[in-house]
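Colleague: Okay, predicted coordinates and the sequence, questions at the end:
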Amino acid sequence: MKRYSIGIIKGDGIGPEIVDEAIKVLDAVSVTQGFIISYHEMLLGGAAIDATGVPMPDDTLNGVQKCDSVLFGAIGGPKWDNLERHLRPESGLLGLRKAMGTFANLRPALVYDELVNASSLKADVVKGVDIMVVRELTGGIYFGQPRAIEKDRAYNTMVYTRDEVIRIAKVAFEIAQKRNKRVCSVDKANVLEVSQFWREIVIEVAKDYPDVELTHMYVDNAAMQLIRYPKQFDVILTSNIFGDILSDAASMLSGSIGLLPSASIGSGVGLYEPIHGSAPDIAGQGIANPLATISSASMMLRYALGEVVAADKIDEAIRRALKEGYRTNDIGSYDAKEICSCSDMGDIIANYASK
Ligand code: IPM
Ligand code: MG
């Protein structure tokens, strides 16, 4: 029987609740699909600060490399907000992404037919939306040097190297080839040198993918177009910070940020994470939506472990639960038959996915 070793980083806030539900679902499909998962829990973010004094302990850094893949919940919270930047929970996550080399963050924004009324936009604008945001994850202004706060000024540096742009552009074109063969590269080339450079390189890379149509859009216009007519997009290719912002905006097309998964991949072990944060305001109440994390676990099965049938089962189970009217609080006002707790939703998906 196949065996997989999965790193588990629950993190802070709602992280532990949502990851527990994803584990429940993974356990259920592993039984019916005939594979065994061993879980290895590791600390990151606020939980790591409390236990070890640093947001990314060496044990975590070494531990993830020994796993086939890593499932991550969420980090951060008011308790750690006043720490120095390099000691904050967010630094742990950014450091881990960098150390794992997960330079490509795939963030699908998919609108379930069952939830078209949950979006803050009109149903006919969002029905059928299926966008893949390919966000560069280990470069750009998040990591560029120099960076500092001085007495009377502060600065960060947005920098991309040729190789960084080439490798993320290739990921976007390859994904587009398996989808609707359109890439929209989002930048701010009318103002920023780094974006002009990005655009020139993306145009070069596109020559190797003649079957894929490449367009370009400035980021401010892209934000507007996402709200105006989101169905025009197939794959959005963009830099770290633009992707961070646009993927939150895209998430609301689907009705709730609690629905959207992501895969952070590179050359080695991947990190599978919901796009939302740790939601400290609702932590511990059992009302969080675990679907983004459960979908992230499905992406992990599909992309990291090649367990495609198990992943399909989970995706179908999510659709079925939504179709039957099971809703967590965040989407509870829309066509709900029953409001579920976080753990009820995990039970329902685990049950349907194991059929
Ligand atoms: C995300 C988050 C992170 C980011 C934070 C928590 C560091 O917003 O995954 O989108 O900015 O990348
Ligand atoms: Mg974000």
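Modeller: That came through fine. Ligands and ions are numbered 1, 2, ... in the order given.
Colleague: Setting aside sequence neighbours, what's the nearest residue to T161?
Modeller: Excluding the flanking residues, the one nearest T161 by CB to CB, 6 or more residues apart in numbering is G139, at 7.4 Å. Every C-beta, even on glycine, is put in place using the N, C-alpha and C of the backbone.
Colleague: Tell me which stretches of the stretch 201-350 of the chain form helices.
Modeller: Counting by DSSP state H, counting those that start in this stretch, the stretch 201-350 of the chain has helices at residues 219-228, 240-251, 291-299, 308-323, 342-353.
Colleague: which of these sits most buried?
Modeller: Sort these by mean neighbour count, taking mean count of other CB atoms under 10 Å, and helix 291-299 sits at the top with a mean of 27.
Colleague: I'd like to know which residues of the stretch 51-200 of the chain are adjacent to ligand 1.
Modeller: For the stretch 51-200 of the chain, the contact set with ligand 1 under CB under 6 Å from any ligand atom comprises G76, E90, L93, L94.
Colleague: Tabulate the helices of the stretch 201-350 of the chain in a markdown table, adding columns for mean pLDDT and distance to ligand 1.
Modeller: Formatted as a markdown table, the helices of the stretch 201-350 of the chain follow (pLDDT from 0 to 100; distance: least, CB to the nearest ligand atom, whole Å):
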| stretch | mean pLDDT | distance to ligand 1 |
| --- | --- | --- |
| helix 219-228 | 98 | 16 |
| helix 240-251 | 95 | 5 |
| helix 291-299 | 98 | 11 |
| helix 308-323 | 97 | 21 |
| helix 342-353 | 98 | 20 |
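Colleague: May I see those helices organised as a markdown table, with distance to L43 added?
Modeller: Shown next, in a markdown table, are the helices of the stretch 201-350 of the chain (distance: least, CB to CB, whole Å):
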| stretch | distance to L43 |
| --- | --- |
| helix 219-228 | 35 |
| helix 240-251 | 24 |
| helix 291-299 | 18 |
| helix 308-323 | 26 |
| helix 342-353 | 22 |
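Colleague: closest one to Q285 among these?
Modeller: Of all the helices of the stretch 201-350 of the chain, helix 342-353 sits nearest to Q285, with 8.6 Å by CB to CB.
Colleague: Now do the strands in this structure.
Modeller: Counting by DSSP state E, the segments of the chain that form strands are 2-11, 35-41, 69-74, 104-110, 130-136, 148-149, 154-155, 182-187, 213-218, 235-238, 263-265, 271-272, 326-327, 338-339.
Colleague: In a markdown table, list the ones you listed along with mean neighbour count and mean pLDDT.
Modeller: Shown next, in a markdown table, are the strands of the chain (neighbours: other CB atoms under 10 Å; pLDDT from 0 to 100):
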| stretch | mean neighbour count | mean pLDDT |
| --- | --- | --- |
| strand 2-11 | 20 | 98 |
| strand 35-41 | 15 | 98 |
| strand 69-74 | 28 | 98 |
| strand 104-110 | 23 | 96 |
| strand 130-136 | 24 | 98 |
| strand 148-149 | 10 | 96 |
| strand 154-155 | 10 | 98 |
| strand 182-187 | 24 | 98 |
| strand 213-218 | 17 | 98 |
| strand 235-238 | 28 | 98 |
| strand 263-265 | 23 | 97 |
| strand 271-272 | 28 | 98 |
| strand 326-327 | 23 | 96 |
| strand 338-339 | 14 | 93 |
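Colleague: N82 and G45, how far apart?
Modeller: N82 sits 15 Å away from G45, taking CB to CB, to the nearest Å as the criterion.
Colleague: between the two, who's got more neighbours?
Modeller: Between N82 and G45, counting by other CB atoms under 10 Å, G45 is the more crowded of the two (31 against 7).
Colleague: Over to the more buried one: give its phi and psi.
Modeller: Reported as degrees, to the nearest 10, the phi and psi values for G45 are phi 80, psi -150.
Colleague: So for it, what's the pLDDT?
Modeller: Here the pLDDT value assigned to G45 is 98.
Colleague: Which pLDDT value goes with the residue nearest to it when sequence neighbours are not counted?
Modeller: Leaving aside its sequence neighbours, G45 sits nearest to I75 (CB to CB, 6+ apart; 2.9 Å). Looking at I75, its pLDDT reads 97.
Colleague: What is the neighbour count of I75?
Modeller: Counted with other CB under 10 Å, I75 comes out at 29.
Colleague: isn't it right next to G11, touching?
Modeller: Yes. Counting by CB atoms under 8 Å, I75 touches G11, with 4.1 Å between them.
Colleague: what is in contact with those two at once?
Modeller: With contacts defined as CB atoms under 8 Å, 6 or more residues apart in numbering, the residues shared by I75 and G11 are L44, G45, G46, A47, P89, S278.
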